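Enquirer: Provide a 3D model corresponding to the input given below.
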Amino acid sequence: MNILLIYPEFPETFWSFKYALPFVGKRSTLPPLGLLTVAGMLPAQWNVRLVDANVRKLADKDLAWADWAFISGMVIQRESSKQVVARCKAAGLRVAAGGPLFQMEHEQFPEVDHFILNEAELTLPPFLADLENGAPRRIYTTPEFADLHDSPVPRWELLNLRHYASMGIQFSRGCPYNCDFCNVTTLLGHRVRMKSPRQIIAELDTLYALGWRGELFFVDDNFIGNKRFLKQELLPALSEWRRGKIGNAFFTEASIDLADDAALMDQMVDAGFDTVFVGIETPEESSLRECGKAQNVNRDLVEDVKRLQRAGLQVQGGFIVGFDHDPPSIFQRQIDFIQQSGIVTAMVGLLQAPPGTRLYERMKQEGRLDAAATGDNADGTTNIVPAMTLEVLKAGYQKILTHIYSPAAYYRRIQTLLREYRPAHVRYRLRYCHIRALLRSIVLLGIVGRERGRFWKLLFWTQFRHPRLVPRAIILAIYGYHFRKICEKQLPVAALQARS
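Expert: Numbers count the residues shown, from 1 in each chain. This next block holds a predicted model:
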C-alpha cells in the first residue's frame, strides 16, 4: 500500500514568516507534526511519502505513485485543502482527512471519502482495522481523549530537514483555562495530558541523530498546564539531555502566570528555553473578564512581561481587539502596551469566534455571526458583528499595525527588549544559514531598505551595550521586514511610510 501524506499550503500571514525565511535559506517555519505522528501509527509494511506543499509542489508523479491520500490541515488552510482534495480525486485516489479543519468543517468536504477526526491515537486504529477488513466507515470520531503514552515518535525521517527553520515537538495536550474565544479545550479538553520524559527524550534523540541542531518548538497550547510535573520530571530530564550538546534552543507557549513562578522560569531557561509566546490579548480588564481570561486579570501585565524577559525568556505576544467591552481608547492603549513591554513579535488580530467555542454560541444566540472564521486572527477580518461599528474597528486595527510595524516603532521596541532580556548562554554551531542571514540582512535592510539608518543604529547600539545579543537583534530586524511586507498587503503603503 502506497500512502501519500499531504500538508496543504499556508497563505501569507504574520505566522508564515514567508518574507523572513529566504534570509536563512528555508522554505517553511515548521513541519506538519500531526501527519508525522500519524505516519508513526501506520503499518510498517506500508510505503509512506510526505508532501508538504509549503516546501515543494504536489506533483502529478506523487499522485500517480499513491494508492491513498491522507490529508491534514488547519482552518487557515481551508482553500488550499480544497484544491488538494480536488486534485487527489481527479487522480482517482481515495482520500482520508483529519486535523482541526476537518474536525470543524467536514460537512464542507463531500469529496473526502473518510474522516479520521478527534485524536488519531484513538480514531486511526479502528479505521485501519476496518480498512484491512474491506469495510471502512466514512466518519471516525470519539468523545474521549487520548492517553499520550500511546503516541508514537513522529517519523521525521520523511522530511528534508534542511528546508525548515525549526522543528515541532509535543509534550502535552489540553489547557486548564477556559477563554471563550479559544477552541483548544473544545478540541483537546481541559485536562492536561502529558507524554513521559522518556518519550520526549526519545523524540529529541531521534532528531539529534538525524542532524537537527536548530530550534525546537514545544507546540503545547499551554506548556505549564502541569507545573509540578514540569519541575519534578520533564525539565530536569531536558537539562540533563542538553549537557554537552550544541544548539537546540527551545521555545513554547504558556499562560502569563508563568511570571509568578521564578523557580519554574529558572528551570525552563536552564533546560534550554529562550522564548515563550503568551496570550496577553488586551490591557482592558473588563474585556479580559468578558472573555474569561481570568489568569490575566488583576495584574501589572507590562511588569509580568519584563519579569519573563529578565529571567531569559523573550516574550512573543498575542493581542485581540473587538471585544464588546473595548472602549474607543483601546487601539492607542494596545499600541502603548506593546511599545512599553518590548514585545517585538506582537501578533494583533480582530476577535474571531471559532465553531465550538462559548463565544461562537453566544454570537449565534445574539444573531451576530457574520461569516466563517478564517483561522487567521491577524488577517484583518472577523466573523462576528462587533459592538463598535466594523468601520471603527477596522480603522483602529489599521492604526495599531501602522504604528507597531513602522520601522521607527519596531526598532525602538527591539531596543526596549534588549535592555531587559537576559538569556542564558546557549552554544550554537555557526552554520551557513547564519552567514547567509547576516549578508542578506546587510543588503536588504542595511543598504536597500528604507529602515537602513535604524538597522545600523540598532547593530552598533547592540554591539556596544549587549554584544551577546547581536544575533538576536539581526533576527528580530529580519522578522520586522516580514511583518512590514505582510502589513503592506493590508494597509496603504503610504500610511506605513509616513511612520518610517
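
Enquirer: scan the protein for its longest helix.
Expert: Secondary structure assigned by DSSP state H gives helix 470-490 as the longest helix of the chain.

Enquirer: export that helix as CSV, just CAs?
Expert: C-alpha atoms of helix 470-490 as CSV (Å, rounded to 0.1, in the frame of the first residue of the first chain):
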residue,chain,number,x,y,z
VAL,A,470,23.7,41.0,18.2
PRO,A,471,22.5,37.7,16.6
ARG,A,472,19.1,38.2,18.3
ALA,A,473,18.9,41.8,17.1
ILE,A,474,19.6,40.7,13.5
ILE,A,475,16.9,38.0,13.7
LEU,A,476,14.3,40.5,15.0
ALA,A,477,15.2,43.0,12.3
ILE,A,478,14.6,40.3,9.7
TYR,A,479,11.2,39.5,11.4
GLY,A,480,10.3,43.2,11.1
TYR,A,481,11.0,43.0,7.3
HIS,A,482,8.5,40.2,7.1
PHE,A,483,5.9,41.9,9.2
ARG,A,484,6.0,45.1,7.2
LYS,A,485,5.6,43.1,3.9
ILE,A,486,2.5,41.5,5.3
CYS,A,487,1.2,44.8,6.6
GLU,A,488,1.7,46.3,3.1
LYS,A,489,-0.9,43.8,1.8
GLN,A,490,-3.4,45.0,4.4
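
Enquirer: could we number from 140 for the rest of this?
Expert: Understood, numbering begins at 140; the last thing we discussed is helix 609-629.

Enquirer: show the average pLDDT along that helix.
Expert: The average pLDDT within helix 609-629 is 91.

Enquirer: show me which residues of it are buried.
Expert: Buried positions in helix 609-629, judged by neighbour count with 16 or more other Cβ atoms under 10 Å: 609, 611-623, 625-626, 629. To be clear about C-beta, it is placed using only N, CA and C from the backbone, and glycine gets the same treatment.

Enquirer: do stretch 404-415 as well
Expert: For stretch 404-415, the buried set under the neighbour-count rule, 16+ other Cβ under 10 Å, comprises Met404, Gln406, Met407, Val408, Ala410, Gly411, Phe412, Asp413, Thr414, Val415.

Enquirer: which two of those have the greatest separation?
Expert: The largest separation in those, counting by Cβ to Cβ, is between Gln406 and Thr414 at 15.7 Å.

Enquirer: how's the protein carved up into domains?
Expert: What automatic domain parsing lists as the domains of the chain is 141-279, 304-558, 563-637.

Enquirer: measure the longest one end to end?
Expert: Across its full length, domain 304-558 reaches 26 Å between end residues, using Cα to Cα, to the nearest Å.

Enquirer: ok, now which ones touch Cys572?
Expert: Val163, Gly164, Lys165 (Cβ atoms under 8 Å, 6 or more residues apart in numbering).

Enquirer: give me the secondary structure label for it.
Expert: Here Cys572 is recorded as helix under DSSP: H, G, I helix; E, B strand; the rest coil.

Enquirer: cool, and Arg188?
Expert: Arg188 ends up strand, using three-state DSSP.

Enquirer: pull the contacting residues for it.
Expert: Asn141, Ile142, Leu143, Leu144, Asp201, Trp204, Ala205, Leu297.

Enquirer: tell me what it is bridged to.
Expert: Leu143 (DSSP bridges).

Enquirer: gap between it and Ala393?
Expert: According to Cβ to Cβ, to the nearest Å, Arg188 and Ala393 sit 35 Å apart.

Enquirer: cool, and Gln554?
Expert: In terms of Cβ to Cβ, Gln554 sits 25 Å off from Ala393.

Enquirer: those two: which has the busier surroundings?
Expert: The neighbour comparison of Gln554 against Ala393 (other Cβ atoms under 10 Å) goes to Ala393, with 25 against 18.

Enquirer: OK, contacts around that one?
Expert: Counted by Cβ under 8 Å, 6+ apart, Ala393 has contacts Asn361, Phe362, Ile363, Val415, Phe416, Val417.

Enquirer: name the member of those with the most neighbours.
Expert: Result: Val415 is most packed of the contacts of Ala393 (other Cβ under 10 Å), 27 neighbours.

Enquirer: tell me the SS of it?
Expert: Per three-state DSSP, Val415 ends up strand.

Enquirer: that one contacts Gly456, doesn't it?
Expert: No - using Cβ atoms under 8 Å, Val415 makes no contact with Gly456, being 9.8 Å away.

Enquirer: what about Arg446, which helix or strand?
Expert: helix 440-450 (DSSP states H and E).

Enquirer: which residues touch that helix?
Expert: 395, 397-398, 401, 404-405, 408, 415, 417, 419, 422, 454, 456, 476, 479-482, 556, 559-561.

Enquirer: run the chain-centre distance for it.
Expert: Centroid displacement of helix 440-450 relative to its chain, using Cα atoms, centre = their mean, to the nearest Å, is 21 Å.
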